[in-house]
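Participant: compute the structure for the input listed below.
(chains A and B)
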Amino acid sequence: MPLIPVVLWTDALVFLLLAVTALFAVWAARHEHLRAPWRRVVRSRIGVATLVVLSAYAVVGLLDTVHFRLKLDRADESGEVRYAPEVLSLLDLALSGLRERQEKTYSAPFATHLHAKEALDQPDGTVIRDYPRLQHGGAHLADPERDRAWDIAWRSLIGLVQGLILWALLAAGLVWWLARRHGQPFDAVRNRILKGQTQIPWRTALGTLGLVLVLAFVIGELALKYHVLGTDKVGEDVLYQALKSIRTGLLIGTLTTLIMLPAAILLGIMAGYFRGWIDDLIQYLYTTLNSIPGVLLIAATILMLQVYMSNHADEFASLVERADLRLLFLCLILGVTSWTGLCRLLRGEALKLREIDYVQAAQALGVGHFTIIARHILPNVMHIVLITLVLDFSGLVLAEAVLSYVNIGVDPTMNSWGNMINSARLELARDPIVWWSLAAAFLFMFTLVLAANLFADVVRDAFDPRLRGV
Amino acid sequence: MTAYIVRRLLYAIPILIGVNLLTFMLFFVVNSPDDMARMHLGQKRVTEEAIQSWKAERGYDRPLLYNAEADGLASLTDTILFQKSVKLFVFQFGSSDDGRDIGYDISQRMWPSLAIAVPVLLIGLAFNISYALFIVFFRATYVDIGSVVLLVAMMSISGLFYIIGGQFLIGKLWHLAPISGYDQGLNAWKFLILPVIVGVVAGIGSGTRWYRTLFLEEIGRDYVRTARAKGLSERVVLFRHVLRNALIPILTGVVVVLPLLFMGSLITESFFGIPGLGSYTIDAISNQDFAIVRAMVFLGAVLYILGLILTDISYTLVDPRVRLQ
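Facilitator: Alright, predicted model coming up:
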């Protein structure tokens, strides 16, 4: 085998999350009352546009979740097959060019020369101080000053055309599928989409998809020969770092809620349903946890984790594994600080639901508590769970950046937007200023969080029964 | 009323005990004091004597829960649990790793924290309420839609970027205010300009959006329709009816954070070099000074509970429909 798969803890949880989502999707598709709100989501223009953007992020994140170790070319004397110690992901393979093309230090986006002057040996033996050429960025140009602008324009055009061709193929496929499904001629469906007359706003979806594809292809084409977002202090490509950070951001946003969900649902419903001393106990539990300022609780636990990890360094097979466990632990502790809100909401809802006639009737008929909770209470609070899930996502992504800045976030060796900001925060004070690392982190984070915020609004409006029919 | 407050205060005690036990578990049971000493002294080549003296210096050489060597009551009091955790209840925080009295440091450092947090709160409140009223006045027009888009965009920017951007624009490019630092007494004002502006701007997105929702909720109520029906102008309806009623949730939302203002903002203070409690905590975290972190956790919990009690009281003061029993 040319590689052996490596499944990190977070990878396993992501696969679990995918499985749960898929099961939920199948289940929801079979029940009309669950399908209706989702239909409202995909019929909103903002809903589909943000869904396309979020899917693009998710694809990158998922590619980065499939990990493995490559087989080494040279087997040692014993003839035994050896695998590289380095854990790679599919994304690393796709971006292998970016990953391997390191420069010496800072270089600006699309630069052909380093950002700092160095002593250069001239062919005639003299030494001058000048900006040296980059080893990779624009290295194919004979005369950068003359050719660079044309080269960039030409490569952008190639990328644009490639993106448009792929987009046209996908769009045609969609129209063909819609036409077949509705039994209408191809042209009629196409015209309706173009005029924006379809129920699901396909025009918006395709427009956003086109934008994403064109952007990806143009940047991809340019990235073959340039550092599109420059390089950082040690010469690593910033675009690569930003793309690798996507997985971290998404994981923090989703796994945290996934981890806290069972406890929040179980305790919240139990408190509201059983009342009495169970209620008192659970309320005491979440008030206590809630009264510790979140950042401090996270700081205290991460500090303790650091103590543990430095005292038990030999228990972790590799740096990647250690960073991964720290990420998982961060999700866990973020979950501990954030489940209380959902728990309180669910308790309130369960208090209301237990007095409703059908629950009272079930009790009178002698149905067990467990069955009542599973069949009558749980389905009726799921919309609250879902709304909280999407509303929390963007806040968690932002929290990661702040925590990493304080050094209590993800492992410093892990790619994340917080670590990018943290290592770049003094760069604006340099002269001339180095702005691209911050700009890249800003751009990627802003797009994700904005899309998530807008999507969360659409989901909330679609699921909140109070707003129904407005 | 008094009985209610007393009961709430009594109810706070088990919660504080819970917080205390939790931090005790985190700091002393999950990792033993030996582990902490080894971490501080460096992993390799650390002698047993060094660990013992490190522990003795900080008072971590006692047994955790029960001291069999001491007599009488001292067998319970001469333990880490009592010395380090129970004493927090009387606000005896002990001393930090560099030998300073934590209680004294906190009392000195809370003033710079307040000097930033209070103006940010007040100016932010005034601005956000005015802007939200402005949006609601022009509701369902392009002013409304444009503003909401702007607010969501502002919400989506990490607080770190507001600080970095503010320092770069106002401090470095325009030279309007010093980038960071602090001064004694009233001379501090010019160092406060930048953090206060940044704090207010960073809060506009979520703040204004929240107030807009509150106002829109009120504006659909029956009493507003009555007010309009009797011929009041939109301005009077907004200010005398909608604003006054929406002030109830706004006020209680503010009261709950009031005590926590003392804690300061971790990020803002460390970025701007303000010697407040926020940067105190940050420094403690990066120096791994567990005594300070433990003290701040406890203080934070106390202030949070205080905030909850104040909220309940303020409810009865502003809303006659709410009665405490």
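Participant: is A:V228 part of a helix or strand, or is it coil?
Facilitator: When classified by DSSP: H, G, I helix; E, B strand; the rest coil, A:V228 comes out as coil.
Participant: number of nearby residues for the residue in the stretch 1-150 of chain B that chain A sits nearest to?
Facilitator: Scanning the stretch 1-150 of chain B for proximity to chain A using CB to the nearest CB identifies B:G18 as nearest, at 3.8 Å. In short, each C-beta sits where N, CA and C put it, glycine included. Close neighbours of B:G18, defined as other CB atoms under 10 Å in any protein chain shown, add up to 18.
Participant: swap in A:R247?
Facilitator: Here the number of neighbours of A:R247 (other CB under 10 Å) works out to 26.
Participant: what do you get for A:R82?
Facilitator: When neighbours are counted by other CB under 10 Å, A:R82 registers 13.
Participant: correct me, but B:S96 touches B:A291?
Facilitator: Yes - here B:S96 reaches B:A291: they are 5.4 Å apart, a contact under CB atoms under 8 Å.
Participant: common neighbours of these two, please.
Facilitator: Counting by CB atoms under 8 Å, 6 or more residues apart in numbering or on different chains, the shared contacts of B:S96 and B:A291 are B:I102.
Participant: what's the host helix or strand of the residue of the stretch 1-150 of chain B closest to chain A packed up against?
Facilitator: Here B:G18, judged by DSSP states H and E, is contained in helix B:2-24. Counting contacts by 3 or more CB pairs under 8 Å, 6 or more residues apart in numbering or on different chains; DSSP states H and E, helix B:2-24 is packed against helix A:276-291, helix B:290-318.
Participant: buried residues in that helix?
Facilitator: If you call a residue buried by 16 or more other CB atoms under 10 Å in any protein chain shown, then helix B:2-24 has these buried ones: B:A12, B:I15, B:L16, B:G18, B:V19, B:N20, B:L22, B:T23, B:F24.
Participant: C-terminal to that helix, what's the next element?
Facilitator: According to DSSP H and E, the helix or strand after helix B:2-24 is helix B:33-41.
Participant: point out where chain A drops to low pLDDT.
Facilitator: The model of chain A has pLDDT under 70 over residues A:1, A:74-80, A:465-470.
Participant: ok, now the stretch 1-150 of chain B?
Facilitator: Residues of the stretch 1-150 of chain B meeting the criterion pLDDT under 70: B:43-45, B:70, B:72-76.
Participant: any residues of it in contact with chain A? List them.
Facilitator: When proximity is defined by CB under 8 Å from any CB of the partner chain, the stretch 1-150 of chain B lies next to chain A at B:14-15, B:18-19, B:22-23, B:26-27, B:30-31, B:35-36, B:38-39, B:43.
Participant: if we use 7 Å, what do you get?
Facilitator: Where the stretch 1-150 of chain B comes near chain A, counting by CB under 7 Å from any CB of the partner chain, the residues are B:14-15, B:18-19, B:23, B:26, B:30-31, B:35-36, B:38-39, B:43.
Participant: I'd guess A:I4 is in a strand, am I close?
Facilitator: Yes - inclusion of A:I4 in a strand is indicated when three-state DSSP is applied.
Participant: in chain B, which helix has the most residues?
Facilitator: helix B:102-137 (DSSP state H).
Participant: now do that one: distance to the chain's middle.
Facilitator: Averaged C-alpha coordinates place helix B:102-137 at 11 Å from its chain's average position (CA atoms, centre = their mean, to the nearest Å).
Participant: the next helix or strand after it packs against which elements?
Facilitator: With elements assigned by DSSP H and E, the helix or strand that comes after helix B:102-137 is helix B:142-155. Applying 3 or more CB pairs under 7 Å, 6 or more residues apart in numbering or on different chains; DSSP states H and E, we find helix B:142-155 packed against helix A:436-463, helix B:102-137, helix B:189-219.
Participant: comparing those, which comes out most buried?
Facilitator: For the helices and strands packed on helix B:142-155, ranked by mean neighbour count under the definition mean count of other CB atoms under 10 Å in any protein chain shown, the leader is helix A:436-463 at a mean of 22.
Participant: that one packs against which elements?
Facilitator: Short answer (3+ CB pairs under 7 Å, 6+ apart): helix A:436-463 packs on helix A:32-42, helix A:45-63, helix A:238-274, helix A:378-405, helix A:417-424, helix B:142-155.
Participant: contact partners of the second one?
Facilitator: Taking contacts as CB atoms under 7 Å, 6 or more residues apart in numbering or on different chains, the residues outside helix A:45-63 that touch it are A:41-42, A:89-91, A:94, A:200-201, A:204-205, A:208-209, A:212, A:243, A:246-247, A:250, A:447-448, A:451-452, A:454-455, A:458.
Participant: relative to helix A:436-463, how tilted is that helix?
Facilitator: In this structure, helix A:45-63 runs at an angle of 130 degrees to helix A:436-463, with axes from the mean of the first three to the mean of the last three CA atoms, to 10 degrees as the basis.
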